[in-house]
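Asks: Turn this into a model:
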Amino acid sequence: MVAWTLTLLATLLLIACAFSLVGLAASGVPRDPPSLASLVEACREHQGWALVRCAQQRVRAAIPRYGFCNGFDTPSMALRRGRGYCWHRARVLAEVLRGLEVEAELVTALLCRFEHGISGHVWLRVTVAGESRWVCPDVWDQEPGVVRFEPITRVRRWGPVMLAVSYLGSPIANVFAFLVTRVRGARDEPAPADEVRISLRRRLAANGLWPLLPILAWNAVLAPRLPPGFSDDGVVPTAVLVVEALGRAFVFIGPAFLVLGLRGRWRRRGLALLLLGTLIYFASWLPPLLDPTPSWWWLGPYVLPGVWLVGLGAMGCSPPYVVGALTFVVAHATHGVWVLV
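Replies: Numbers count the residues shown, from 1 in each chain. Next up is the predicted model:
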């Protein structure tokens with residue numbers, strides 16, 4: 001029962017990753033997205049709650065579109081894309097207010113009642129001159145202290161546990177939310193007029209599939225030469241094989257929706273991980289090829305794909321690909337452990 005529950009969660013997570021990859025590939029980004037520093041400077045002339053209201057409206061204008069497909073983004077990435085959901089907006093607003101030396105902390109409730117239904121939510125508790133108010137940047141015309149929801153469950157301070165639950169759970173919930181909006185016939189918020197999209201030529205030239213070609217060739221040539229029992233599926237639980245198969249499809253099809261680049265620190269680090277990880281991965285095949293006796297060295301080809309997969313996701317600036325790839329690596333490594341024990 002536990003194994004199949006974990007399998008279901010891993011499957012839903014991979015579906016959310018795939019949904020995010022495809023959705024982000026089809027979306028555009030603002031031509032000149034504002035920076036966090038510019039949002040801070042735009043509000044410095046105000047004082048007190050007028051300053052908080054200014055920051056609230058600036059953040060809402062900077063992230064105008066709800067992000068069904070970018071739930072795995074960090075708040076700074078959501079700001080650059082101009083789309084996000086409650087956690088993204090609340091975290092960006094908190095950073096702006098802290099830059100203005102205003103006390104702000106994130107709070108959350110697992111269930112809140114909205115006009116459109118019930119869902120979890122993240123917002124801020126802001127304190128000015130000893131007075132605390134709730135502040136939510138999700139609606140354009142809200143005043144500090146006025147919110148359009150009612151917490152049903154206990155309001156808690158946003159912490160590491162809630163961050164982990166939200167980061168992995170919200171993208172799954174957003175898939176279902178997207179489907180519900182389509183069933184109801186709802187339309188997306190209109191795209192800003194200055195939104196730009198990546199050209200087809202650039203998508204092809206910098207496509208994430210190109211770095212996979214040598215890895216696929218390596219596997220095709222050397223996999224038949226591995227010793228018998230190296231990947232014995234007969235001893236591995238079906239639940240593990242299901243997640244592994246879905247994850248393998250994701251990591252090899254997903255790069256088709258990535259556009260690789262080198263601009264930015266993380267993209268350059270991703271290139272280093274991709275190159276180094278590929279070389280280490282190739283070298284990890286030597287123990288099973290040279291010595292057919294089972295040993296823990298056999299785990300190398302099962303575990304080390306995680307290095308170049310994370311590098312590929314970083315080059316594509318794609319958190320959903322990294323999360324999906326790590327899900328596959330966990331299942332793949334579990335397969336290897338079952339074979340050895």
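
Asks: What pairs with the lowest-mean-pLDDT helix or strand in the chain, parallel or antiparallel?
Replies: Ranked by mean pLDDT, DSSP states H and E, the weakest helix or strand in the chain is strand 195-196, scoring a mean of 73. If you go by DSSP bridges, strand 195-196 pairs up with strand 29-30 (antiparallel).

Asks: Just after the partner strand, pick out the following helix or strand.
Replies: Using DSSP states H and E, the helix or strand that follows strand 29-30 in sequence is helix 36-42.

Asks: I would like the residues contacting the helix or strand following the least confident helix or strand of the chain, please.
Replies: Note on strand 195-196: by DSSP H and E, the next helix or strand toward the C-terminus is helix 200-205. Identification of contacts with helix 200-205 by CB atoms under 8 Å, 6 or more residues apart in numbering yields 25, 259. Any C-beta I mention is one placed from the backbone N, CA and C, and that applies to glycine too.

Asks: again, only this time at 7 Å
Replies: If you take CB atoms under 7 Å, 6 or more residues apart in numbering as the criterion, helix 200-205 is touched by V259.

Asks: Equivalent analysis for stretch 90-107, please.
Replies: 36, 39-40, 43-44, 51-52, 55-56, 59, 63, 75, 79, 122-128, 137, 155-158.

Asks: rerun at 6 Å
Replies: Residues outside stretch 90-107 that contact it (CB atoms under 6 Å, 6 or more residues apart in numbering): 36, 39-40, 55, 59, 75, 79, 122-127, 137, 155, 157-158.

Asks: Look up the pLDDT of G28 for me, please.
Replies: Listed pLDDT for G28 reads 78.

Asks: show me what contacts it?
Replies: G28 sits next to 195-197 when contact means CB under 6 Å, 6+ apart.

Asks: Of the residues you listed, grab the buried ones for PyMOL.
Replies: Burial among the contacts of G28 is assessed by 16 or more other CB atoms under 10 Å; the matching PyMOL selection reads:
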select buried, resi 195
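
Asks: Can you flag which of the contacts of stretch 90-107 belong to strands?
Replies: 122-127, 157 (DSSP state E).

Asks: Which members of these are the farthest-apart pair?
Replies: For the ones in strands among the contacts of stretch 90-107, the farthest-apart pair by CB to CB is V122 and T127; their separation is 17.5 Å.

Asks: Out of those two, name the residue with the larger neighbour count.
Replies: V122 (24 against 15; other CB atoms under 10 Å).

Asks: wait, doesn't the more buried one sit right on T108?
Replies: Yes: using CB atoms under 6 Å, V122 is in contact with T108, at 4.7 Å.

Asks: okay, the ones in strands among the contacts of stretch 90-107 in CSV with pLDDT next?
Replies: Formatted as CSV, the ones in strands among the contacts of stretch 90-107 follow (pLDDT from 0 to 100):
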residue, pLDDT
V122, 94
W123, 95
L124, 96
R125, 96
V126, 97
T127, 96
R157, 92
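
Asks: List buried members of these by neighbour count.
Replies: Buried by 16+ other CB under 10 Å: 122-126, out of the ones in strands among the contacts of stretch 90-107.

Asks: Can you tell me which of the residues you listed comes closest to A256?
Replies: For those, the minimum distance to A256 (CB to CB) is 32.8 Å, reached by V122.

Asks: Relative to N174, how far out is the closest one?
Replies: Between V122 and N174 the distance is 14 Å, computed by CB to CB, to the nearest Å.

Asks: Tell me the pLDDT of the nearest residue in space to L241 that is not next to it in sequence.
Replies: Distances taken as CB to CB, 6 or more residues apart in numbering put D233 closest to L241, at 6.2 Å, once the chain neighbours are dropped. Per-residue pLDDT puts D233 at 74.

Asks: hang on, the earlier thing: can you tell me which of the buried ones among the ones in strands among the contacts of stretch 90-107 comes closest to N207?
Replies: Ranked by distance to N207 (CB to CB), those are led by V122 at 35.0 Å.

Asks: Kind regards, and thank you for your time.
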